[in-house]
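Undergrad: I would like the atomic coordinates for the input below:
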Amino acid sequence: MGNLIVKAAVKDQLEDQNVASDFYDALDEEVASVLEDASRRAEENDRKTVQPRDL
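TA: Numbers count the residues shown, from 1 in each chain. Got it, this is the predicted structure:
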């Protein structure tokens, strides 16, 4: 899977913080995991649409 996050958006959100270069990879992995879990929950409930409740 490609990059799921936008580095500039993360940097903007954390405006008063420095961001380590490897943070972006770790965040991308975390987002991928959340998306996989949400997709699995939707499938388990016989839905093709991922909804907020799947988070």
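
Undergrad: switch to C-alpha atoms for all contacts and neighbour counts from now on
TA: Fine.

Undergrad: which residues of the protein score low on pLDDT?
TA: Within the chain, the segments meeting pLDDT under 70 span 1.

Undergrad: what are the ranges of the helices in the protein?
TA: Ranges of helices in the chain, per DSSP state H, are 7-13, 21-44.

Undergrad: Next up, the contacts around the most centrally placed residue in the chain.
TA: In the chain, the residue lying closest to the centroid (C-alpha atoms, centre = their mean) is V31, at 2.1 Å. Contact analysis of V31 by C-alpha atoms under 8 Å, 6 or more residues apart in numbering lists L4.

Undergrad: What about A9, how many residues nearby?
TA: Applying the criterion other C-alpha atoms under 10 Å, we find 10 residues in the vicinity of A9.

Undergrad: ok, now how distant is it from V31?
TA: According to C-alpha to C-alpha, to the nearest Å, A9 and V31 sit 14 Å apart.

Undergrad: phi, psi of V50?
TA: Per-residue torsions, V50: phi -80, psi 130 (degrees, to the nearest 10).

Undergrad: Quick check: closest non-adjacent residue to it.
TA: Of all residues not flanking V50 in the chain, A42 sits nearest, at 5.5 Å (C-alpha to C-alpha, 6 or more residues apart in numbering).
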